[in-house]
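>>> Next come a sequence and a model predicted from it.
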Amino acid sequence: MNSNITHDLAVPLNQEDKAKRAFVTALRVHVLQHMSGSMKNRYEDYVKPEAQKRGNTCDTPEHIHKALKSDFMFKAYSSARTCAQEMVFDVVSDSVDREFETLRAKAKPVAKKGSLTLDDSVEIPKSVSEIDVHLAPGSYHAEYTEEDFATGAVYDNAIEVFSFGQFGKDSNDIGMTLSNYVRLKFPDFKPAKILDAGCTIGHNTLPWAQTFPEAEVTAIDVAAPVLRYGHARAESMGVPVHFRQMDATAMKFEDNTFDVVFSSMFLHELPLKDIHAYLKEAYRVLKPGGLLWQMELPPMNQMPAYDNFYLNWDTYYNNEPFYGTFRRQDYRKLLTDAGFGAEEFMEATMPRYTFVGEEAYKEALSGENTFDTLTGRMDPKGTRWYGFGAWKK
Ligand SMILES: C[S@@+](CC[C@H](N)C(=O)[O-])C[C@H]1O[C@@H](n2cnc3c(N)ncnc32)[C@H](O)[C@@H]1O
């Protein structure tokens, strides 16, 4: 398996690492494409008609889940998918453990372009510390040695195997897609200060510094190990980003600081009360005329019941307990509750910028939003990203 990781902190892979990663990648593709297809067929042809005979209307994701839960195909799909998820972390941890000391030397950069500011008074929220989020051992924050960065290194390698390369080179496609969306959609908007909330290792933060080279880019997260690794990674790539350990629900920035506040795949890992708190903070720290944007899972009200059932699987089986609650929200209302005007609400589905290229991307942006089975879904056939946001007046 060829790695899409191009920076200096890439783990040198031996033949065994490559074989293991290739196996897990192939297993995930098999589960997400072939087994999920078979499960859908079985649902339509057999499970649904049988459930309807028993009075289950099968018209909501919960009803569909109930109908399928005891079926062998769903059990096989779920257990294979869970095993594959655990194996993603197993196989990459092997190589990170082996190369730990080499990585440690590289993960201690002298700040050249950006910076790293840690704050050990930041409390790790229970939504991070009480569960191994999406079955990642140690979640985002666990530290086993001084100045530990291993959860960051594991994450960087894991998302590549997890996404079977679909996040693009250095897993930066969501960041490239959104930053270029903003550049192309709002050509007169020239952000000077940009904030990423819940940045993890900054793989989707760095594209903002590349797309808007004049801007100062800051990235916050509660977890020190991912920030240490993210900072070293950014420095190794020569991209200036200021990483700070900070809780996005109680930011230490002054009012009206940023031109853009964005997050990527962050909200669905927060309890609802923290989503509200973060969005209020985002509103506060945005300048008037500033832009808020969240790249996220598509809302349930835009998707058919079966796709909602399929997307919400993680809520029950992948240690993502807040997933379903988030998707059930009216996203416009989340923003108006935080202070944004209802008429300012925007949402968009976007093809993957680094895969389709600038011209096809521009063309897609001039059309209607497309909500289909590829929207927000990790599928070997492709993915269409979804996001929503608003201007602060
Ligand atoms: C799913 S990851 C985000 C992934 C990343 N932004 C991306 O583009 O793929 C969620 C991140 O949010 C962080 N996090 C969770 N709660 C937080 C909070 N209240 N404030 C700041 N970061 C938080 C976690 O430590 C984790 O790194």
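Now that the structure is in, tell me what you want to look at. Everything quoted here is computed from the prediction, not taken from an experiment. Numbers count the residues shown, from 1 in each chain.

>>> near the ligand, which residues of the stretch 51-200 of the chain show up?
Residues of the stretch 51-200 of the chain lying near the ligand by Cβ under 6 Å from any ligand atom: 125, 128, 140, 174, 198-200. Using the backbone N, CA and C atoms, a C-beta is placed for each residue, glycine as well.

>>> Next up, the contacts around the residue in the stretch 51-200 of the chain positioned nearest to the ligand.
The stretch 51-200 of the chain approaches the ligand most closely through Gly198 (3.1 Å), counting by Cβ to the nearest ligand atom. The contact partners of Gly198, by Cβ atoms under 8 Å, 6 or more residues apart in numbering, come to 220-221, 248, 263-264, 266, 269.

>>> And for Ser129?
Counting by Cβ under 8 Å, 6+ apart, Ser129 touches 139, 141.

>>> Quick one: the helices in the stretch 1-150 of the chain, in order.
Here the stretch 1-150 of the chain has its helices, by DSSP state H, counting those that start in this stretch, at 15-29, 36-42, 48-53, 61-68, 72-98, 100-106, 126-129, 150-162.

>>> which one is the residue positioned nearest the centre of the chain nearest to, not counting chain neighbours?
Nearest to the geometric centre of the chain sits Met265, at 3.2 Å (Cα atoms, centre = their mean). Spatial nearest neighbour of Met265, excluding adjacent residues (Cβ to Cβ, 6 or more residues apart in numbering): Met295 at 6.4 Å.

>>> for the residue found closest to Phe186 once you drop the neighbours it is linked to in the chain, helix, strand, or coil?
Take Phe186 and drop its neighbours on the chain: the residue closest to it by Cβ to Cβ, 6+ apart is Leu291, 7.5 Å away. Look at Leu291: counting by DSSP: H, G, I helix; E, B strand; the rest coil, its state is strand.

>>> Is it correct that Leu291 is in contact with Lys190?
No - look at Leu291 against Lys190 with Cβ atoms under 8 Å: they stay out of range, at 11.5 Å.

>>> mind listing what the closest residue to Gln210 other than its chain neighbours touches?
Spatial nearest neighbour of Gln210, chain neighbours left out: Val239 (6.5 Å); criterion: Cβ to Cβ, 6+ apart. By Cβ under 8 Å, 6+ apart, the contact set of Val239 is 113-114, 206, 209-210.

>>> Would you mark the buried spots in stretch 261-278?
261-271, 274-278 (16 or more other Cβ atoms under 10 Å).

>>> now do stretch 300-309
With burial defined by 16+ other Cβ under 10 Å, the residues of stretch 300-309 counted as buried are 300, 302-303, 305-309.

>>> ok, and which of those reach the ligand?
Among the buried residues of stretch 300-309, proximity to the ligand is found for none (Cβ under 6 Å from any ligand atom).

>>> which residues of the stretch 101-250 of the chain fall in strands?
In the stretch 101-250 of the chain, the strands defined using DSSP state E, counting those that start in this stretch lie at 115-117, 193-197, 216-221, 242-245.

>>> what's the closest of those to Asn157?
strand 216-221 (18.0 Å; Cβ to Cβ).

>>> which helices and strands does the closest one pack with?
In terms of contacts (3 or more Cβ pairs under 8 Å, 6 or more residues apart in numbering; DSSP states H and E), strand 216-221 is packed against strand 193-197, helix 224-237, strand 242-245.

>>> then it to PDB, C-alphas only?
The C-alpha coordinates for strand 216-221 follow below in PDB (Å, rounded to 0.1, in the frame of the first residue of the first chain):
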ATOM      1  CA  GLU A 216      -2.800  34.200  10.500                       C
ATOM      2  CA  VAL A 217      -4.200  30.700  11.200                       C
ATOM      3  CA  THR A 218      -4.800  29.500  14.700                       C
ATOM      4  CA  ALA A 219      -6.000  25.900  15.600                       C
ATOM      5  CA  ILE A 220      -7.300  24.800  19.000                       C
ATOM      6  CA  ASP A 221      -7.900  21.500  20.600                       C
END
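
>>> Dump the strands of the stretch 101-250 of the chain into JSON lines; add mean pLDDT and mean neighbour count as well.
As requested, the strands of the stretch 101-250 of the chain are exported to JSON lines (pLDDT from 0 to 100; neighbours: other Cβ atoms under 10 Å):
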{"stretch": "strand 115-117", "mean pLDDT": "96", "mean neighbour count": "16"}
{"stretch": "strand 193-197", "mean pLDDT": "98", "mean neighbour count": "25"}
{"stretch": "strand 216-221", "mean pLDDT": "98", "mean neighbour count": "26"}
{"stretch": "strand 242-245", "mean pLDDT": "98", "mean neighbour count": "23"}
